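> fold the stuff below for me.
(4 chains)
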2 protein chains.
Amino acid sequence: MLSNACKYAIRAILYLAIHSDETTKIGVKKIAEELETPQPFLAKLLRQLTSNKLVSSTKGPGGGFFLDKNNKEKSIWDVICCIDGTHKFDKCFLGLSKCSDKNPCPVHSTVSPFKKKILNEFRDKTISKLVEEIEVEGTVISLKGFDLK
Amino acid sequence: MLSNACKYAIRAILYLAIHSDETTKIGVKKIAEELETPQPFLAKLLRQLTSNKLVSSTKGPGGGFFLDKNNKEKSIWDVICCIDGTHKFDKCFLGLSKCSDKNPCPVHSTVSPFKKKILNEFRDKTISKLVEEIEVEGTVISLKGFDLK
DNA sequence: CACAAAAAAGACAAAACGATCTTTTTTATT
DNA sequence: AATAAAAAAGATCGTTTTGTCTTTTTTGTG
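Numbering: from 1, shown residues only, chains lettered A, B, ... in the order given. Now for the predicted structure:
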């Protein structure tokens, strides 16, 4: 479905959304440990996210990554577009370039409704809203080891 | 979502389901041309499908690939398992190994219902049933060039 | 200022995926 | 028996993805 890179990126953003803010910055090392992801690889992804304004960062001692207000108004969809590209969800399930609602492939009617719904959910919900829901529902989870908090 | 290999394989099976039977066998060359897929690559995939009993074949002049009755009772899901592996649809969207209904990741509730439904559709519907539906609905499409028939 | 902590940048390596090419085996036909 | 058509088998190659490593830049602190 998504690339590894994209999965790491989403988890990192959610981690930052929960644990960081303008005054609490977090270094790659810490993030990679908590998420159990390869550290240098994650560093590269964070750079990409930073240069696309999805994450903020400061250098030097006490520096690190964090989400500011603008960053928290972004969506999961923005992250997917940034890492995996825009066409992750609009491509035909069977890879046919001309598949569409009007000219459907044999599985279009099965797959298309779900893709549309998921796309909408990911596109319309901000990171901050998503984190809020997670916390309200009590389903907050440490992304490390995956234990309930 | 699916690998290229798997997309080619599904299209090839559907093509064979529509155009072949025990007495009408089709060679790789023809199939690859019709589906506009790389020929040697498709040949390798057809071998894999054949050795897994999803497709039948005979060698020699007049030989080729076709679907027999058993083959037509298989499902799209069988094809996906054969080419991309069993875990294509049961893995967590964020790649977390321990994600489940009881221990959900932050996007589990969004993604999970859709994955389950699609999985069921692909698993429960036989190739022959699928082709039947396609033909009844009049949405039969040549997989080449993707024009309505 | 010197130092150390951190991100930024980019070169490099390994594995998976996509695709091609050549050779071998089987088999129908003449 | 010879030939040719077809799948089977497997060696090879290029690209993308995944991941590591080293160097540079920035910046806060003693």
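
> and A:Cys92, how far is that from A:Lys115?
10 Å (C-beta to C-beta, to the nearest Å). (Each C-beta comes from the backbone N, C-alpha and C, glycine too.)

> could you do A:Ile10 as well?
A:Ile10 is 18 Å from A:Lys115, by C-beta to C-beta.

> these two: who's more crowded?
Legend: neighbour count by other C-beta atoms under 10 Å in any protein chain shown for A:Ile10 and A:Lys115, higher for A:Ile10 (24 against 19).

> quick one, what contacts that one?
With contact taken as C-beta atoms under 8 Å, 6 or more residues apart in numbering or on different chains, A:Ile10 is in contact with A:Leu2, A:Ile76, A:Val79, A:Ile80, B:Leu94, B:Val107.

> report the buried residues of stretch A:19-28.
A:Ser20, A:Lys25, A:Ile26, A:Val28 (16 or more other C-beta atoms under 10 Å in any protein chain shown).

> which one of the contacts of A:Ile10 is nearest to DNA strand C?
Among the contacts of A:Ile10, A:Leu2 lies closest to DNA strand C (C-beta to the nearest atom of the strand), at 13.4 Å.

> so for the closest one, what's the pLDDT?
Note for A:Leu2: predicted pLDDT of 94.

> look up phi and psi at it.
phi -90, psi 160 (degrees, to the nearest 10).

> buried set for stretch A:38-57?
Here stretch A:38-57 shows A:Leu42, A:Ala43, A:Leu45, A:Leu46, A:Leu49, A:Leu54, A:Val55, A:Ser56, A:Ser57 as buried, counting by 16+ other C-beta under 10 Å.

> can you confirm the fifth one is in a helix?
Right, the one you point to is A:Leu49. Yes: assigned with DSSP: H, G, I helix; E, B strand; the rest coil, A:Leu49 falls within a helix.

> what residues sit buried inside stretch A:75-90?
Those would be A:Ser75, A:Ile76, A:Trp77, A:Asp78, A:Val79, A:Ile80, A:Cys81, A:Cys82, A:Ile83, A:Asp84, A:Lys88, A:Phe89, for stretch A:75-90 by 16+ other C-beta under 10 Å.

> any idea which of those is closest to B:Glu137?
The closest of these to B:Glu137 turns out to be A:Phe89 (C-beta to C-beta; 24.5 Å).

> that closest one touches A:Ile118, doesn't it?
Yes: between A:Phe89 and A:Ile118 there is a contact at 7.2 Å, judged by C-beta atoms under 8 Å.

> spell out which residues of chain A are next to DNA strand C.
Residues of chain A found near DNA strand C (C-beta under 7 Å from any atom of the strand) are A:26-29, A:40, A:43-44, A:46-47, A:50-51, A:57-65.
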